[in-house]
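Participant: okay, sequence plus prediction incoming.
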Amino acid sequence: MPPNAEFRQRRFANDDIDTLNQNANDDAATEARVSTTKGLASTEIAIEGVIYDLTDFKHPGGEVVHLFGGNDVTVQYKMIHPRHNAKHLEKMKAVGKVT
């Protein structure tokens with residue numbers, strides 16, 4: 001791993017967060033919802049402070065993703081999908097932000 005790899009990962013991750021926040025705000029069909037992680041429904045997950053609805057999401061790995069419903073899964077998501085960016089998260093419906 002290059003010496004500056006961690007810095008580059010953080011920089012790109014922050015760019016992805018900004019893009020996600022813009023996408024969550026720009027989507028007219030998305031209802032603005034603010035919640036705490038304790039207020040998440042069993043069909044919702046939070047990644048990097050954005051709440052996603054899993055109801056209609058078809059995960060390529062199957063229904064296992066629904067086991068994480070109602071939780072902040074940022075750490076698990078980054079561990080399993082280290083190279084994913086904001087484009088990958090657009091496949092899920094953003095419904096709000098975590099406060």
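Facilitator: Good, I have the coordinates.
Participant: show me where the chain has strands.
Facilitator: With strands called from DSSP state E, the chain shows them at 34-35, 44-47, 50-53, 71-72, 93-98.
Participant: pick the most deeply packed of the ones you listed.
Facilitator: strand 44-47 (a mean of 24; mean count of other Cβ atoms under 10 Å). For every residue, glycine as well, the C-beta is placed using N, CA and C.
Participant: okay, now the unreliable bits of this structure?
Facilitator: Across the chain, the ranges flagged by pLDDT under 70 are 1-32.
Participant: where along it do the helices fall?
Facilitator: Counting by DSSP state H, the chain has helices at residues 5-26, 74-80, 86-89.
Participant: what's the second one packed up against?
Facilitator: By that I understand helix 74-80. Helix 74-80 is packed against strand 44-47, with contacts defined by 3 or more Cβ pairs under 8 Å, 6 or more residues apart in numbering; DSSP states H and E.
Participant: which residues outside the strand it packs on are in contact with it?
Facilitator: Where contact means Cβ atoms under 8 Å, 6 or more residues apart in numbering, the residues beyond strand 44-47 that reach it are 37, 40, 51-54, 65, 68-74, 77, 89, 95, 98.
Participant: go on, stretch 72-80?
Facilitator: Here stretch 72-80 has contacts from 13, 37, 40, 45-48, 68, 84, 98, using Cβ under 8 Å, 6+ apart.
Participant: need the residues you listed in TSV with distance to Pro60, can you?
Facilitator: Shown next, in TSV, are the contacts of stretch 72-80 (distance: Cβ to Cβ, whole Å):
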residue	distance to Pro60
Ala13	22
Thr37	25
Leu40	23
Ile45	16
Ala46	21
Ile47	16
Glu48	20
Phe68	15
His84	12
Val98	25
